[in-house]
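Trainee: Predicted coordinates and the sequence they were generated for:
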Amino acid sequence: MPITQQQLLQILPNAGPVAGVFVPVLNTAMVRFQIITAKRIAAFIAQIGHESGQLTRVVENLNYDAPSLMATWPSRFPADLAAARARQPEKIANIAYASRMGNGNAASSDGWTYRGRGLIQITGRANYQECGDDLGIDLIGNPDLLIQPQYAALSAAWFWELNGLNELADRDQFNTITRRINGGLNGLQDRLLLWARARTVLCQSSV
């Protein structure tokens, strides 16, 4: 059941004109990765809607102030370093993501090069490599491909299927889906609001 532009805007009203851009690429991506029932689509649209600010952001915002750095990455940003690096997104990324997820150290700039992109933000050199290999594109050499609507959508659907989220959606295990995407329950109230809206729009229309 493909989603229509009208349905997408009912769920994500802040998407505005980009909804028309994303509808065809979302439908292609969802079919490819078996996000094809009302339950699966509702959960997927709710989660990507939250992660992307209702389809308005496809690149991670790393413009943190010092308190936010200490709260988000307490082991990476003690008070003195947080104060020194606040509001410097590239330097923040290189410290926050250094030496993990396949990235080199802070001096390698991998943290910034492979920061979160796409509708579910793919982050880290190793994840870019795996995603690119599976989608048949060179994300190591051209990470900005994930900014393009086609690959922003495909990478999100790829992540969804890879992490078993279709099966969780089938069982309405939405909080578990959130944890697999986010590592916790950040933004849960907004995610639940979008999910409720998506189920109203999609699940009733599929009866």
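Mentor: Here it is on my side, so go on. Numbering: from 1, shown residues only.
Trainee: thinking Asn27 is in contact with Pro2, fair?
Mentor: Yes. Counting by Cβ atoms under 8 Å, Pro2 is a contact partner of Asn27 at 4.4 Å. For glycine as for every other residue, the C-beta is placed from the backbone atoms N, C-alpha and C.
Trainee: quick one, longest helix in the protein?
Mentor: Among the segments of the chain that qualify as a helix by DSSP state H, the longest is helix 188-205.
Trainee: send the alpha carbons of it over as PDB?
Mentor: Extracted in PDB, the C-alpha atoms of helix 188-205 (Å, rounded to 0.1, in the frame of the first residue of the first chain):
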ATOM      1  CA  LEU A 188       9.500   9.400  22.800                       C
ATOM      2  CA  GLN A 189       6.500  11.700  23.200                       C
ATOM      3  CA  ASP A 190       6.900  13.200  19.800                       C
ATOM      4  CA  ARG A 191       7.500   9.800  18.300                       C
ATOM      5  CA  LEU A 192       4.300   8.400  19.900                       C
ATOM      6  CA  LEU A 193       2.300  11.400  18.700                       C
ATOM      7  CA  LEU A 194       3.400  10.800  15.100                       C
ATOM      8  CA  TRP A 195       2.800   7.100  15.500                       C
ATOM      9  CA  ALA A 196      -0.800   7.600  16.700                       C
ATOM     10  CA  ARG A 197      -1.400  10.100  13.800                       C
ATOM     11  CA  ALA A 198       0.100   7.600  11.300                       C
ATOM     12  CA  ARG A 199      -2.000   4.700  12.600                       C
ATOM     13  CA  THR A 200      -5.200   6.900  12.300                       C
ATOM     14  CA  VAL A 201      -4.300   7.900   8.800                       C
ATOM     15  CA  LEU A 202      -3.000   4.600   7.400                       C
ATOM     16  CA  CYS A 203      -4.500   1.800   9.400                       C
ATOM     17  CA  GLN A 204      -8.100   3.000   9.000                       C
ATOM     18  CA  SER A 205      -7.600   3.500   5.300                       C
END
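Trainee: out of Asn27 and Pro2, which sits in the busier spot?
Mentor: Ranked by neighbour count (other Cβ atoms under 10 Å), Asn27 and Pro2 place Asn27 first, with 19 against 13.
Trainee: and the gap between that one and Gln173?
Mentor: To Gln173, Asn27 is 24 Å away according to Cβ to Cβ, to the nearest Å.
Trainee: go on, Leu202?
Mentor: Counting by Cβ to Cβ - Leu202 and Gln173 are separated by 18 Å.
Trainee: Many thanks, have a good one.
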